[in-house]
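Student: Predicted model, plus sequence, below.
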Amino acid sequence: QVQLVESGGGLVQPGGSLRLSCAASGNIISRRTMGWYRLAPGKQRELVAAITSGGTTTYADSVKGRFTISRDNAKNTIYLQMNSLKPDDTAVYYCKADSLSGIRAYWGQGTQVTVSS
């Protein structure tokens, strides 16, 4: 059973930083596009950042210049470094491993990020 487990969320003041981690139970990260999504109350789920198996990254306009996605295939882990956090970044953040060669996608259980003074 493949599992993705997020960690690193919490409460932070505006302008602060957090680093989220997403660890996979199996070797599923290296060949897949991995992404971080977020879901805030009253809003639709949003793709925050993604990284391909080759290391190409994409970001939502709202986080460009503030967030950085990275991957460590040897550790089966991806990261989301979040700097200059704003109250609008408050959401549950989810990790996703995209489907590959007909094999299903996988989601983590989510980690809460709250930006508040």
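Tutor: Nice, I can see it.
Student: which ones are touching residue 99?
Tutor: 32, 105 (Cβ atoms under 8 Å, 6 or more residues apart in numbering). Heads up, the C-betas are built off the backbone N, CA and C, glycines and all.
Student: Phi first, then psi, for it.
Tutor: Main-chain torsions, residue 99, degrees, to the nearest 10: phi -60, psi 160.
Student: who does the residue positioned nearest the centre of the chain bridge with?
Tutor: With distances taken as Cα atoms, centre = their mean, residue 36 lies nearest the centre of the chain, 2.7 Å away. Taking DSSP bridges as the rule, residue 36 bridges to residue 49, residue 95.
Student: With adjacent residues omitted, what lies nearest to residue 66?
Tutor: residue 84 (4.7 Å; Cβ to Cβ, 6 or more residues apart in numbering).
Student: pretty sure the one you found is touching residue 13, no?
Tutor: No: applying Cβ atoms under 8 Å as the test, residue 84 and residue 13 come out as separate, 11.3 Å apart.
Student: who's more crowded, those two?
Tutor: Neighbours were tallied for residue 84 and for residue 13 using other Cβ atoms under 10 Å; the higher tally belongs to residue 84 (13 against 10).
Student: What separation do you get for the more buried one and residue 64?
Tutor: 11 Å (Cβ to Cβ, to the nearest Å).
Student: now do residue 92
Tutor: As for residue 92, its distance to residue 64 is 21 Å (criterion: Cβ to Cβ).
Student: the more surrounded of those two?
Tutor: When neighbours are counted by other Cβ under 10 Å, residue 92 and residue 64 differ, and residue 92 comes out ahead with 18 against 10.
Student: State whether that one and residue 39 are indeed in contact, as I suppose.
Tutor: Yes: Residue 92 lies in contact with residue 39 (Cβ under 8 Å); the separation is 5.1 Å.
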